[in-house]
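Asks: got a sequence here, can you model it:
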Amino acid sequence: VQLQASGGGLVQTGASLRLDCAISGITKAYYLIGWYRQAAGKEQEALSCISMSDGSTYYSDSAKGRFTISKDNDKKTVYLQMNDLKPEDTAVYLCAAGPWPVVRTVRYWGQGTQVTVSS
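Replies: Next up is the predicted model:
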């Protein structure tokens, strides 16, 4: 199983970024593919997840309104569009797979991509 995240970077407050997660090797169709983040000194946080089978989505309160998750089954890629970024969004963003949008239930983690939002 591989989850390859990309798209992070250094941006200014109010900017947008799109993160990509390329997926391979996951055979359980019911797994959710999701985006999580970990800021320095804070616990990992689930942001948003999507079902590759039926497209149903989950958003945390932190993600609602500014972040949009989507998928391309043909490309086996999940995207996280992040708009109106704020300094508090600075974190390592990770894509992961598991049965629930909950950190402790994640089965597979990808490597992270750093997002830094300057004020």
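
Asks: report the buried residues of the host helix or strand of residue 112.
Replies: Using DSSP states H and E, the element containing residue 112 is strand 108-118. Buried positions in strand 108-118, judged by neighbour count with 16 or more other C-beta atoms under 10 Å: 108, 109, 110, 112, 113, 115, 117. In this view, the C-beta of every residue, glycine as well, is placed from N, C-alpha and C.

Asks: ditto for stretch 90-107
Replies: Buried residues in stretch 90-107, defined by neighbour count with 16+ other C-beta under 10 Å: 90, 91, 92, 93, 94, 95, 96, 97, 98, 101, 103, 106.

Asks: the fifth one belongs to a strand, doesn't it?
Replies: Yes: residue state for residue 94 (DSSP: H, G, I helix; E, B strand; the rest coil) corresponds to a strand.

Asks: residues contacting residue 64?
Replies: By C-beta atoms under 8 Å, 6 or more residues apart in numbering, no residues touch residue 64.

Asks: go again with 10 Å.
Replies: 47, 48 (C-beta atoms under 10 Å, 6 or more residues apart in numbering).

Asks: ok, it to residue 49 distance?
Replies: Distance, residue 64 to residue 49, by C-beta to C-beta, to the nearest Å: 13 Å.

Asks: equivalent analysis for residue 118, please.
Replies: If you go by C-beta to C-beta, the gap between residue 118 and residue 49 works out to 28 Å.

Asks: and residue 30, by the same measure?
Replies: Distance from residue 30 to residue 49, counting by C-beta to C-beta: 12 Å.

Asks: buried residues in the helix or strand hosting residue 37?
Replies: Element membership for residue 37, per DSSP H and E: strand 32-38. Using 16+ other C-beta under 10 Å as the test for burial, strand 32-38 gives 32, 33, 34, 35, 36, 37.

Asks: what's the answer for stretch 48-67, then?
Replies: Buried residues in stretch 48-67, counted by 16+ other C-beta under 10 Å: 48, 49, 50, 51, 52, 57, 58, 59, 60, 63, 67.
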